[in-house]
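Peer 1: predicted structure and sequence below. I'll ask about it afterward.
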Amino acid sequence: MNAAVSEVLARVKELRGRYICFSNVHTLVTAVENEKYKRVLNGAEYTFPDGAPIAWKLRRNGMSEADRIAGPDFMEEVFKATADGETSHFFYGSGRQVLEKLEASVRERYPQINIAGSFAPPYRKLSADEDKKIVSMLNSSGADIIWVGLGAPKQEIFMYLHRHQVEGVMIGVGAGFDLQAGLVRRAPLWMQKMSLEWLYRLYNEPKRLAKRYLVTNTKFIKYCLLSKKQ
């Protein structure tokens, strides 16, 4: 985590117009099965392992120091490191109420932090005119970091399509907005350390996540076994 945060912040000006992804089992399996989405993930400046199974697979492939870098944790560490206000942030995604709670929560913890703005886009496909206005708004804000919270795979596709148009570095963090706003509880630390956060989420959202975890986790194991044979 420390290396990831230091690397990104050291290059924050250089990374303007590029984007960063966090990949978990669900997005990785999607990339394996969808060539277009694979190009989206591979087009990122960095794709961090947002999931213990992904970090485990990296270590199995010889990257001995690979560790999980969860999007919400990365956000928190970046906020801490930029609490002096020299680096500016923009929040794009989610709903207006979530953004209000997010901004209030971040400002309460880091009073000097520089929040350049936020915007909740409509829950539909944008028109060409709307898209241009959003790009102009993001660029006019002068934000160094644009946090994108649209959920996967929508947020990664948005960043891919707007690379080199949006002037800040875009970072897709999925549920990071809700967690940072205090609207969703994080798994207890002991569960996080034991790579059981998925179980906590499944317990709290069984209807939404049961099928996803059953299907994608099974496929992940299958693809790992196939890659081992090769």
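Peer 2: Everything's here; your move. Residues are numbered from 1 along each chain as shown.

Peer 1: I'd like to know which elements the lowest-mean-pLDDT helix or strand in the chain is packed against.
Peer 2: One helix or strand of the chain scores below all others by mean pLDDT, DSSP states H and E: helix 197-204, with a mean of 71. Helix 197-204 sits against helix 189-193, helix 206-229, with contacts defined as 3 or more C-beta pairs under 8 Å, 6 or more residues apart in numbering; DSSP states H and E. For every residue, glycine as well, the C-beta is placed using N, CA and C.

Peer 1: what about the residue at minimal distance from the centre of the chain, distance to Leu226?
Peer 2: The C-alpha lying nearest the average C-alpha coordinate of the chain belongs to Val173 (C-alpha atoms, centre = their mean; 2.1 Å). Look at Val173 and Leu226: by C-beta to C-beta, to the nearest Å, they are 30 Å apart.

Peer 1: same deal with Gly182?
Peer 2: On the measure of C-beta to C-beta, Gly182 and Leu226 end up 41 Å apart.

Peer 1: and the helix or strand hosting Arg107, how far from the chain's centre?
Peer 2: Assigned by DSSP states H and E, Arg107 belongs to helix 96-109. Chain-centre distance of helix 96-109: 18 Å, with C-alpha atoms, centre = their mean, to the nearest Å.

Peer 1: do stretch 19-37 as well
Peer 2: Here stretch 19-37 is found 12 Å from its chain centre; the criterion is C-alpha atoms, centre = their mean.

Peer 1: quick check: end-to-end length of that stretch?
Peer 2: Stretch 19-37 stretches 14 Å from its first residue to its last (C-alpha to C-alpha, to the nearest Å).

Peer 1: all helices of the chain, in order?
Peer 2: In the chain, the helices defined using DSSP state H lie at 2-10, 25-33, 35-42, 52-60, 71-81, 96-109, 128-141, 154-161, 176-180, 189-193, 197-204, 206-229.

Peer 1: okay, the ones you listed in TSV with distance to Val148 and mean neighbour count next?
Peer 2: Rendered in TSV, the data for these read as follows (distance: least, C-beta to C-beta, whole Å; neighbours: other C-beta atoms under 10 Å):
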stretch	distance to Val148	mean neighbour count
helix 2-10	14	14
helix 25-33	14	20
helix 35-42	13	14
helix 52-60	20	17
helix 71-81	10	19
helix 96-109	12	16
helix 128-141	10	14
helix 154-161	5	20
helix 176-180	9	24
helix 189-193	23	12
helix 197-204	21	15
helix 206-229	21	12
